[in-house]
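Undergrad: coordinates only, no sequence provided:
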C-alpha cells in the first residue's frame, strides 16, 4: 500500500477561506494513502473548521496571531517564545513528510523546526520559502489557489481533480439551527437570505448604501439575517435602521461551526470575498458573491452552487489589501441594479414580489 504508516504534517495556519481550500489536499491524500497518519498544524480561529474533519488524525493548534503581534511590535523575545512552543510540540512527534501549503518564510521555518527530512512546498515563491523546502510541486498555469495547493501531492505521485471542500459538523449541531432560528423568530419553513456585509480587507467591502438600496426592494416574504463578527455590528445596524422592513442580526453570536449549521438551513448567502463565503460553499448553501480587488478564478469556491458577480471596472483583481488609487472604484462599480437582477433570480421571486 502506498505510503503505508507514513506520517504526514500539513502546514496551513490561516485564513478561513484558505484553510477550507486546503482541506482538498488532506482529503485527496487520505483517499490515496488510507493507512497513513495525517497531522495538520493550524491557527485559531480557522482551527475550529478542522475539528471534525475525517481526513485528519491529529490537529495541532498553534496561535500564529501571538507570533505576528510580537513581531509587529518588535517583541523578539515573545516571538521566540511562541516558536519555542512549537519546538516542544514537535519534540514528542516525528513526521516523515511535511506538506507546506502556505508557502511563507514563517511556515518554511516551522517545517524546518519539525526536523522532517522531506519537506514539500508549492512552486509559488513567497518570502524565500523555497530555502526551507527539499522539493516543490510543479509549476502550473491554472491561477486557482486550490489547484496550486494540490500540486504538493504531485511529488508523491498523487494526481487528482477532486476539489471538494470538507467541513463536517458534530451531531450536537444538527438541531442547532432550528432552535436558534426559533429563538430569533425566524421561520425555517420560509426562505432565508443571509448576508455578510464586511470583509477583512476594507477595499473588498461593498458600500453600505448599496446594500440598503437592494434590500429595501426585497419581498417581505424573504427573511433577512445579517451574519459576521461582533466588530461588524455598527455597520449592520446602520443598514437595519435604514430598511423599511424587518431583519435579524446574528453577528458575533455564533461560532464558525454554528454559522455553518445555520447556512445549511438557509436559501442563499450574499457576501463579498471573505471567510463566510467558503464556509457557506462547504456547507452546501448557494452563494452570490461580489468581487473587485480579488477574482473568483483565483479564490472562488470550485464546488457548490456559487454565483460570482465580478466588477465591470477595468482595474480589478489587483489582489492588494489597499486600493492603490484610494478610491475603491472596482467595488463601487458594482451597482445595486446588477445585484438585484441576480439576487431576485436566485431567490426565484415572482415578478409581483419585485419592486422597482
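TA: Arrived safely, thanks for sending. As the structure is a prediction and not an experimental result, all values here were calculated from the model.

Undergrad: how is this protein divided into domains?
TA: Segmentation of the chain into domains, based on automatic domain parsing, reads 7-156, 172-353.

Undergrad: with residue 162 as the reference, name the closest of the ones you listed.
TA: Ranking the domains of the chain by proximity to residue 162 (C-beta to C-beta) places domain 7-156 first, at 5.7 Å. Where C-beta positions appear, they are placed from N, C-alpha and C, glycine not excepted.

Undergrad: state the mean pLDDT of the closest one.
TA: The average pLDDT for domain 7-156 rounds to 95.

Undergrad: okay, how far is it across that domain, tip to tip?
TA: Using C-alpha to C-alpha, to the nearest Å, one end of domain 7-156 lies 13 Å from the other.

Undergrad: gap between that domain and the chain center?
TA: Taking C-alpha atoms, centre = their mean, to the nearest Å, one finds the center of domain 7-156 at 16 Å from the center of the full chain.

Undergrad: related to what we said a few turns ago, mind putting the domains of the chain in a markdown table, distance to residue 163 and mean neighbour count included?
TA: Converted to a markdown table, these look like this (distance: least, C-beta to C-beta, whole Å; neighbours: other C-beta atoms under 10 Å):
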| stretch | distance to residue 163 | mean neighbour count |
| --- | --- | --- |
| domain 7-156 | 5 | 18 |
| domain 172-353 | 4 | 18 |
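
Undergrad: which residue sits closest to residue 333, ignoring its sequence neighbours?
TA: Leaving aside its sequence neighbours, residue 333 sits nearest to residue 313 (C-beta to C-beta, 6 or more residues apart in numbering; 3.9 Å).

Undergrad: go ahead and confirm that neighbour touches residue 292.
TA: Yes - at 7.0 Å, residue 313 counts as touching residue 292 under the criterion of C-beta atoms under 8 Å.

Undergrad: who touches both of the two?
TA: Residues touching both residue 313 and residue 292 (C-beta atoms under 8 Å, 6 or more residues apart in numbering) are 330, 333.

Undergrad: sec struct for residue 254, please.
TA: Three-state call for residue 254 (DSSP: H, G, I helix; E, B strand; the rest coil): coil.

Undergrad: pull the contacting residues for the nearest residue to residue 328 once chain neighbours are set aside.
TA: The spatial neighbour of residue 328 that comes closest, neighbours along the chain excluded (C-beta to C-beta, 6+ apart), is residue 203 at 4.9 Å. Residues in contact with residue 203 (C-beta under 8 Å, 6+ apart) are 292-293, 320-323, 328, 330-331.

Undergrad: look up how far residue 5 lies from residue 203.
TA: 48 Å (C-beta to C-beta, to the nearest Å).

Undergrad: ok, residue 342 next?
TA: In this view, residue 342 and residue 5 are 50 Å apart by C-beta to C-beta.

Undergrad: ditto for residue 74
TA: Distance from residue 74 to residue 5, by C-beta to C-beta: 44 Å.

Undergrad: follow-up on the earlier one: distance to residue 143, pLDDT and secondary structure added to the contacts of residue 203, as JSON lines?
TA: Converted to JSON lines, the contacts of residue 203 look like this (distance: C-beta to C-beta, whole Å; pLDDT from 0 to 100; DSSP: H, G, I helix; E, B strand; the rest coil):
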{"residue": "292", "distance to residue 143": "17", "pLDDT": "96", "secondary structure": "coil"}
{"residue": "293", "distance to residue 143": "15", "pLDDT": "96", "secondary structure": "coil"}
{"residue": "320", "distance to residue 143": "16", "pLDDT": "88", "secondary structure": "coil"}
{"residue": "321", "distance to residue 143": "19", "pLDDT": "85", "secondary structure": "coil"}
{"residue": "322", "distance to residue 143": "22", "pLDDT": "85", "secondary structure": "coil"}
{"residue": "323", "distance to residue 143": "21", "pLDDT": "86", "secondary structure": "coil"}
{"residue": "328", "distance to residue 143": "23", "pLDDT": "89", "secondary structure": "coil"}
{"residue": "330", "distance to residue 143": "18", "pLDDT": "95", "secondary structure": "helix"}
{"residue": "331", "distance to residue 143": "21", "pLDDT": "95", "secondary structure": "helix"}
